[in-house]
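>>> Next one to model:
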Amino acid sequence: MRIAIPHSVLEESTDEREAVRKIGYLGRAAAIFRATHIYIYTHKSTVPASQARLLRKYLEYMVTPPYLRKDLFPLETGLRLAGLLPPLRLPIFSARPRPGAVLMGLVVKWEGYASILKVGNDVYAKVPKPHPIRSRLLVQLENEVGDNVFRAHVVPFERSSIYPGFSVEVLTLRELVKRRPLVLTGKEGQPIGGAVDELVELIKRDPVIVFGSPRHGVDEIMSSEGLGLSDPFINFIPRQGVETVRTEEAMLAVLSIINLLSNYDGINASLGSSPPGKH
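The predicted structure is shown next:
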């Protein structure tokens, strides 16, 4: 499942602490429904595009296993409020290093024609081939060949049944529309009751689910960029009982419906495992 949020998604946050908490809710919602990609799209707005970097940094921090955070985010002043983020607690984060365990590893060095990956606190894995330094790989541990060192092999993301988290990418709205198929969400769209059949077919093609900002719907954002609404535009919360639905609330509602339809008999078989993005 791929989702897209605007860089202005934090525009109604009263301070940085509230903004970070909201990022945490967005990250949790994405992970609950096994999102593989989060696209942060920039668009015409009074909110500076640099806000996208804040979003990306905190989301990437959330989806990084705790044992790799000091390696990837050393003394990051831009993450001073990371303690406010709710933990994702992905199963892959808590797996104990032992033969058969699948873990996320960080390539820290090469040893001959092999790569050495950090897969835990002072725990390492050795896999064939020199993979790029600081790249992240999903590996399955085999036998222990030294003190806290395991022989291992790489598990392709698309072949793993274990959810490794999501990748985060910043791009412009015009770049986003090239990642079709898209499903646009918003209260001005077609009520979900009349769009189920179309949505079921779209789900088979791994669409990007596009959300708007607190002050501007997807239709307004697209129009401001001179883009027409040629993609399915669906109201997933018809007859909403409040004036506005926050983006993190909309994500939970929309992704719940997508998840339900994805698990109908016949649909799930054609979908297979959604391929995680590169980490």
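>>> for the nearest residue to residue 210 once chain neighbours are set aside, what are its contacts?
Excluding the flanking residues, the one nearest residue 210 by CB to CB, 6 or more residues apart in numbering is residue 4, at 4.5 Å. To be clear about C-beta, it is placed using only N, CA and C from the backbone, and glycine gets the same treatment. Contact analysis of residue 4 by CB atoms under 8 Å, 6 or more residues apart in numbering lists 38, 39, 40, 41, 176, 182, 208, 209, 210, 211.
>>> hmm, 7 Å instead?
Contacts for residue 4 (CB atoms under 7 Å, 6 or more residues apart in numbering) come out as 39, 41, 176, 208, 210, 211.
>>> can you count the residues close to the nearest residue to residue 244 once chain neighbours are set aside?
In space, and not counting its chain neighbours, residue 244 is closest to residue 214: 6.8 Å by CB to CB, 6+ apart. Counted with other CB atoms under 10 Å, residues neighbouring residue 214 total 16.
>>> Can I take it that residue 214 is in a helix?
No. Read with DSSP: H, G, I helix; E, B strand; the rest coil, residue 214 is coil and lies in no helix.
>>> For it, give its distance to residue 18.
Remark: distance between residue 214 and residue 18 (CB to CB, to the nearest Å) = 12 Å.
>>> again, but for residue 117
The value you get for residue 117 to residue 18, if CB to CB is used, is 37 Å.
>>> Who has more neighbours out of these two?
residue 117 (26 against 13).
>>> Please name the residues that touch the more buried one.
105, 106, 107, 108, 124, 125, 127, 137, 139.
>>> ok, now with 6 Å
105, 106, 107, 125 (CB atoms under 6 Å, 6 or more residues apart in numbering).
>>> Report the contact partners of the closest residue to it other than its chain neighbours.
Computed as CB to CB, 6+ apart, the closest residue to residue 117 that is not its neighbour in sequence is residue 105, at 3.2 Å. Shown in contact with residue 105 (CB under 6 Å, 6+ apart): 117, 119, 125, 137, 139.
>>> Now do the strands in the stretch 101-250 of the chain.
102-111, 114-120, 123-128, 136-146, 149-154, 167-172, 182-191, 208-210, 233-235 (DSSP state E, counting those that start in this stretch).
>>> What strands flank the first one, and is each parallel or antiparallel?
When pairing is defined by DSSP bridges, strand 102-111 lines up against strand 114-120 (antiparallel), strand 136-146 (antiparallel).
>>> Sweet, I'm off.
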